[in-house]
Structure formats: structure tokens, C-alpha cells
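Q: Sequence plus predicted model, see below.
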Amino acid sequence: MKKTLLILAGILIVAVVTGYAGKNLYFSWKGNLKTEQTSQQAIQEKVLPKTQPQNGLSQNKSSTQKPETPATGGKSEEVPASSQDGSLSDNLHGWGLKRNSSHLQPEMPSGIRQTLARNNAYWIGSPNEKTVYLTFDEGYENGYTPGILDILKKQNVQAAFFITGHYLESQPELVKRMIQEGHIVGNHTVNHPSMPGLTNEQIKEEIEKLSSDFTALTGSQMVYFRPPKGEYSERTLAEAKNLGYYTIFWSFAMADWIPLPGGPQEAYQTVMDNLHNGALILLHAVSKDNLDSLDRTISDIKAQGYTFKTLDDLVKK
């Protein structure tokens, strides 16, 4: 009898221990699964490109991405400025566009059009002319600008390059080559800050310091300004105008400062799919995809009957 009881007790102890271990193993596996899912989500969020909003001009700041150059989609936010005189709005706006698949010009609210027009700010050409304006942003050199310049020379196309203080300091020979080959070099500020976060005096310093250094290097003057990240307010537009600049936005851009999943074919196809009369195209010269697709893109834009013009042509109209 005792032997039987001892056997039953042993079985009971084994069952309890096994059940407890199994419970711990289950929770341990569940915890590891949760950690793995979190890790995979983090990897995806880090690797997947942030795409430009395409559904309008006004979003809350918390719902927008903030890439190196603007194509962030629209947003607005009240930003204090110590030099603000109270007569102009200092709401921060991000540049965004509502595209279409019909090769028509993107939509733009009339109020924004009027604000831009009052302040010598441009984003598109005539809807009645098959013209294209090609521009590049240059924050740093990634080794592709010489090839871009070679293609532009071959195609007899003049473009505009918006440079920062770092680019001017680190790539003086390329900047001089741009001027020598008939391109426009525009002002993208010394340090690439968001304009509405600066006082008027700080805005003046960011723009004029780069301008004076550029003139010292090339003997030429800067007259075109592109706000870093596409962020502006009515006050900052007016300040750029007061400094003698035309502000230049864009009617087409893409997240090309990172490698595109589809490579050069995606770069080419995205431009061609969004082509429209008066297109003011923003590309980033740090993109190998842009370099590898540029010659074909320009040739096929011409084949569709478009003419490449310069920002000088744009503001004369």
C-alpha cells in the first residue's frame, strides 16, 4: 500500500512540475514572440522609405514626415519670431501638392497662390505651355553631380542647383563649373534651417552669408532662393523678397534622397507619370537613381514635345 501511495505521489509531483514548466515556457515563448514582432516592426520602420503625402496641402504636424528636402506635405503651426512686426502671418506651412494621373497641373488653393504671387514666389509655369524647369537640391556631394552636369551638357539643358553653405565650401570647383556651363546656382541657406523658426535677422544672415561667399568665389549673384524642407510662412516669404530674392518651390518632387526600391526605372517612371505643362521639377543630386535615369528622362520629355526652360524664363513671365 505504501509503495502504491509513493508511486501516486511521485506521479502527482511530476505532473505539477511539468505543468509549471510548461506554463513558464509558454509565457517565455509569447514574450520572445512579442519582442521579435517589435524588432521586425522597428526594422521595417527604419528601412521602408517615407513617402510624400499626395492628398492635399494641410495636415497636422504629427502626421507628416520631415525629410531633408521638402516634399513633406502641407502642415501649419504657429511659430514665434522675435522680429515679427505683427502685420504678417507667421504660421508655418510645409510644401505639399495634390497630384493627379491625368498629366494636369497639381491643385493649389487660391489663397496660397495669392500669397506666393505677392511675395515673388514661384512653384509652376504656365498651364498652356509644354515647358519644364529642372532643378536640383545640393546639400552635400555624393559623387554624382559631375555625371549630371555631363548629361545636361550633352542634352543642352540648363538647370538650377540650390546649394547650402557646406556644399559651397566643400565643392567650389563643381559650383564654378555649374556657372561656367550656363546653369543657375540658387540659395538654399548656409545651414539648412526651417525659416519660420528664425528671426528676420537670422534669415538675413543665413541667406546673405551664403550669397556673399558665392559671389566671392564666382563673381556671380544669387537671385533665387529655395526654403529648406519647403517650410515657410508669409513673413519668411516677405523677408526673402525684401532681400531681393525670388522664392522657388516645385510642382513635382519625390523621395529620391534615399535609394528607390525600383532603382533608375522607378526614378524615370515617376517623373514621366507626373509630367505636366509648366512642370517645375525638384530632384536631389545625391541620388544615383537620378543620375542613371537622367539622360533617358530628358530625351523622353523632349520626345513628348516639352521644352526645357530656365528660372530666368519663368520669372520673366
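A: It's in.
Q: So for stretch 141-149, what gets flagged as buried?
A: Going by neighbour count (16 or more other Cβ atoms under 10 Å), the buried part of stretch 141-149 is 141, 144-145, 147-149. C-beta here means a position set from N, CA and C on the backbone, and glycine is covered the same way.
Q: Identify, from these, the entry nearest to W250.
A: Using Cβ to Cβ, I148 comes nearest to W250 of the buried residues of stretch 141-149, at 17.1 Å.
Q: So what's the gap between the host helix or strand of that closest one and the chain middle?
A: Per DSSP states H and E: I148 is located in helix 145-155. Counting by Cα atoms, centre = their mean, to the nearest Å, helix 145-155 is centred 22 Å from the centre of its parent chain.
Q: Show me what it is packed up against.
A: With contacts defined as 3 or more Cβ pairs under 8 Å, 6 or more residues apart in numbering; DSSP states H and E, the packing partners of helix 145-155 are strand 131-138, helix 172-180, helix 288-303.
Q: Run a quick check on D137 versus I281, I expect a contact.
A: No - counting by Cβ atoms under 8 Å, D137 stays clear of I281, with 11.2 Å between them.
Q: between the two, who's got more neighbours?
A: D137 (27 against 21; other Cβ atoms under 10 Å).
Q: ok, the more buried one - contacts?
A: By Cβ atoms under 8 Å, 6 or more residues apart in numbering, the contact set of D137 is 69, 161-162, 188, 226, 282-285.
Q: Check what pLDDT it gets.
A: Looking at D137, its pLDDT is 98.
Q: Bridge partners for it, pull those for me.
A: Beta-bridge partners recorded for D137 (DSSP bridges): F162, H284.
Q: how long is stretch 138-147 from one end to the other?
A: Criterion Cα to Cα, to the nearest Å; first-to-last residue distance in stretch 138-147 is 14 Å.
Q: Repeat that for stretch 173-192.
A: From its first residue to its last, stretch 173-192 covers 21 Å (Cα to Cα).
Q: next one: that stretch to chain centre, how far?
A: The mean C-alpha position of stretch 173-192 is separated from the chain mean by 19 Å, Cα atoms, centre = their mean.
Q: what does stretch 153-165 give?
A: Computed by Cα atoms, centre = their mean, the chain-centroid distance of stretch 153-165 equals 18 Å.
Q: Much appreciated, bye for now.
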